[in-house]
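Asker: what shape does this take:
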Amino acid sequence: MSSRARTGVKMMITALTLAEPRYQVRVLSNNYFFWLGVKNLVRQQGKPTADIQWVKENNDGQQRLLCQEIYATPIAQKWLVFTESEQVDNLSVMLPDDRVNILSDRLAMTELQEQLKNPTFSRRRRDKQLTRSEARVCSLIRQGFTLVRIAQILNKSPKTIYTHKRNAMDKFHCDTLVEFNRKMNLMEQQALYN
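Answerer: Below is the predicted model of the structure:
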């Protein structure tokens with residue numbers, strides 16, 4: 001192959017590479033003004049750095065569809081997901097750390113612009129990982145056992161079981177048992193997608 005032909009092939013590959021979006025952007029928020037801001041900032045970047053979509057309704061069904069879409073794409077595909085601040089933790093439990101960054105729709109425009117220019121796709125959820133004992137206690141709570149019965153089953157004191165439950169709730173940033181059960185359901189759904 002001549003050097004001229006090689007140069008032509010390199011230019012074609014470069015053009016294809018530049019035409020492909022670097023990452024996907026999903027806005028799960030009914031905040032129309034935030035959506036307009038994201039859309040305009042992506043357009044200002046010029047080259048197709050992101051493929052962007054807006055999902056007006058942010059409910060459990062839409063979140064599950066987003067999870068299915070993300071898990072169906074190749075591992076190399078990166079994602080920026082903007083959602084309402086109270087939904088950030090819920091989505092963090094469901095989506096992979098290494099290729100999805102979940103951000104609040106309450107970012108200032110300067111922060112938003114910086115995230116779109118130089119996105120980071122590696123989230124650290126070390127504080128959300130349960131110990132083996134905490135996970136076992138959570139599993140038994142999900143099965144409907146009381147803390148006293150769990151203490152008997154695991155041959156531990158009720159105070160130890162309560163501490164494991166409290167630590168798990170802290171790691172999931174939950175104030176109520178209803179919220180805690182909902183997040184455990186989300187964890188269970190995430191396990192189905194993995």
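Asker: pLDDT weak spots in the chain?
Answerer: Counting by pLDDT under 70, the ranges of the chain that qualify are 1-21, 46-49, 122-128, 189-194.
Asker: try 50 this time
Answerer: 5-19, 125-126 (pLDDT under 50).
Asker: tell me the domain boundaries of it?
Answerer: Domains of the chain are assigned by automatic domain parsing as 3-117, 127-193.
Asker: centre of the chain versus the longest one, how much separation?
Answerer: It refers to domain 3-117. How far domain 3-117 lies from its chain's middle: 12 Å, per Cα atoms, centre = their mean, to the nearest Å.
Asker: assign Leu80 to helix, strand or coil.
Answerer: Classification of Leu80 using DSSP: H, G, I helix; E, B strand; the rest coil returns strand.
Asker: so what's it closest to, chain neighbours aside?
Answerer: Val25 (4.8 Å; Cβ to Cβ, 6 or more residues apart in numbering). All C-beta atoms are positioned from the backbone trio N, CA, C, and that covers glycine.
Asker: could you do Val100 as well?
Answerer: Looking at Val100 with Cβ to Cβ, 6+ apart, the closest residue is Trp79, at 4.4 Å.
Asker: could I get the domains of the chain as JSON lines with mean neighbour count?
Answerer: JSON lines is the format used below for the domains of the chain (neighbours: other Cβ atoms under 10 Å):
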{"stretch": "domain 3-117", "mean neighbour count": "15"}
{"stretch": "domain 127-193", "mean neighbour count": "15"}
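Asker: can you give me the helices in this protein?
Answerer: Counting by DSSP state H, the chain has these helices, from start to end: 3-19, 32-44, 60-72, 88-94, 109-117, 132-142, 147-154, 158-171, 177-193.
Asker: can you add distance to Gln53 and give these back as a markdown table?
Answerer: Listed next are those as a markdown table, based on distance: least, Cβ to Cβ, whole Å:
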| stretch | distance to Gln53 |
| --- | --- |
| helix 3-19 | 18 |
| helix 32-44 | 10 |
| helix 60-72 | 9 |
| helix 88-94 | 15 |
| helix 109-117 | 15 |
| helix 132-142 | 33 |
| helix 147-154 | 43 |
| helix 158-171 | 31 |
| helix 177-193 | 20 |
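Asker: of these, which approaches Trp54 most closely?
Answerer: Among those, the nearest to Trp54 by Cβ to Cβ is helix 32-44 (4.8 Å).
Asker: and that closest one, what does it pack against?
Answerer: For helix 32-44, the elements it packs on are strand 23-28, strand 50-55, helix 109-117, judged by 3 or more Cβ pairs under 8 Å, 6 or more residues apart in numbering; DSSP states H and E.
Asker: list the contacts of the longest one.
Answerer: What that stands for is helix 109-117. With contact meaning Cβ atoms under 8 Å, 6 or more residues apart in numbering, helix 109-117 is reached by 25, 37-38, 41-42, 45, 49-50, 80, 101, 103, 107.
Asker: go with 6 Å
Answerer: Helix 109-117 is touched from outside by Leu41, with contacts defined as Cβ atoms under 6 Å, 6 or more residues apart in numbering.
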